[in-house]
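S.K.: pasting a predicted model and its sequence here:
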Amino acid sequence: MYVKKDGKKTTKKGLVQVYKCNSCAKYYRIPIDTEVKEYNLSVEPGHIFQHSSDSLIRVHCLTDVHVGAREFDLKKFHQAVVKIAEDPYAVWFGNGDLLELIPPGYKISQRGQSIPPDEQYLTFLQLVAPIKDKCLFIRGGNHDFLRSYNILDFDVCKTLSAELNVPYYPYPGYSEIKVKGKKWYMVSGHGKSGAKNGDLELDKLAAVYSKGDVFLLGHNHQLYAKPVDSIIVDGSEEVLHRRWYIRGGSFLRYAEYARYSMYQIVRTGWITMEFTEDEIKCWEN
């Protein structure tokens, strides 16, 4: 915050941008073509997140992790981290409810979490440290973003994205995945509905973002990826057009509140989406 631009100069090594630090009064020079990362960029409503590669891309959605919850499936989450770390084509994004985050005096008991919120925050960063450089963006959910924002006017997920030096993507929207010139559009959001039929909310998402090839939501802990085919016109012929409906699963085993309400039992896990120049494949882990 104390560093300001102080003109440009031509040196033997080329054109450089001069900076002055108003704290220590020192000057620094950086080549003009050097990429200087800006911290905590946000994908604002109406903007599109973009990611490209010259080879295939495997995008892993880590949603509803619930670090700190008593039923957090650490073993399953570790499997996800290892798989992403060992795959040279793998990237990932956090899709909300990354922390359990039950603040003191909240409307539900703190007995549902094994460690306090500050430890949850630090633990999550430690768990994803091996795949930190593969993170695309971070999104918040009702547990972490909404609770911290409504109670403290402080967005813990925005801070998480800054720690990981990745964009913060707070709302649903498009992500453009480009492979060798072919553009695919992944539409993702955390989700809001707990309806038993997870497709109903995906239908709403697809109605708003009609250009999507993949529609993905978390929140309800359902885990599935299924193709949805339709007929489109290609020239003078009808052809099948494939899109994907995805609910991203969770890393929370059968919690006490779910037992009390007799919610459907769903297994823990996550979804992988593979984008190539020719097609999209999705599967459950």
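M.R.: Noted; the coordinates are in hand. Residues are numbered from 1 along each chain as shown.
S.K.: so what touches the helix or strand hosting V59?
M.R.: Using DSSP states H and E, V59 falls within strand 57-62. Contact with strand 57-62 is made by 51, 77, 80, 83-84, 87, 89-95, 98, 136, 177, 179, 186, 188, 216, 218, 246, 248, 251, 270-275, 285, as judged by CB atoms under 8 Å, 6 or more residues apart in numbering. Every C-beta, even on glycine, is put in place using the N, C-alpha and C of the backbone.
S.K.: so which of the residues you listed are in strands?
M.R.: 51, 90-95, 136, 177, 179, 186, 188, 216, 246, 248, 271-275 (DSSP state E).
S.K.: strands along the stretch 101-250 of the chain, start to end?
M.R.: Taking DSSP state E, counting those that start in this stretch as the criterion, the stretch 101-250 of the chain carries its strands at 135-139, 173-179, 182-189, 214-217, 223-234, 237-248.
S.K.: any chance of those in TSV, with distance to Y260 and mean neighbour count too?
M.R.: Below are the strands of the stretch 101-250 of the chain laid out as TSV (distance: least, CB to CB, whole Å; neighbours: other CB atoms under 10 Å):
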stretch	distance to Y260	mean neighbour count
strand 135-139	28	24
strand 173-179	35	19
strand 182-189	28	21
strand 214-217	24	26
strand 223-234	22	12
strand 237-248	22	17
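S.K.: please render these as TSV that adds mean pLDDT and distance to L125 to the earlier fields.
M.R.: Shown next, in TSV, are the strands of the stretch 101-250 of the chain (pLDDT from 0 to 100; distance: least, CB to CB, whole Å):
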stretch	mean pLDDT	distance to L125
strand 135-139	97	11
strand 173-179	97	23
strand 182-189	97	22
strand 214-217	98	24
strand 223-234	93	25
strand 237-248	94	21
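S.K.: TSV please, covering those strands and showing distance to P167.
M.R.: Shown next, in TSV, are the strands of the stretch 101-250 of the chain (distance: least, CB to CB, whole Å):
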stretch	distance to P167
strand 135-139	5
strand 173-179	10
strand 182-189	13
strand 214-217	17
strand 223-234	24
strand 237-248	19
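S.K.: so for I30, which of these sits nearest?
M.R.: Comparison of the strands of the stretch 101-250 of the chain against I30 by CB to CB identifies strand 135-139 as nearest, at 25.2 Å.
S.K.: output the contacting helices and strands for that closest one.
M.R.: Packed against strand 135-139, as judged by 3 or more CB pairs under 8 Å, 6 or more residues apart in numbering; DSSP states H and E, are the following elements: strand 49-53, strand 90-95, helix 156-164.
S.K.: comparing those, which comes out most buried?
M.R.: strand 90-95 (a mean of 23; mean count of other CB atoms under 10 Å).
S.K.: where along the stretch 1-150 of the chain do the helices fall?
M.R.: 74-86, 117-127, 147-152 (DSSP state H, counting those that start in this stretch).
S.K.: out of the ones you listed, which gets the lowest mean score?
M.R.: Ranked by mean pLDDT, the helices of the stretch 1-150 of the chain end with helix 147-152 at the bottom, a mean of 91.
S.K.: give me the buried positions along that helix.
M.R.: Buried residues in helix 147-152, counted by 16 or more other CB atoms under 10 Å: 147-149.
S.K.: which one of those residues is nearest to Y260?
M.R.: Nearest to Y260 among those, counting by CB to CB, is R147 at 20.3 Å.
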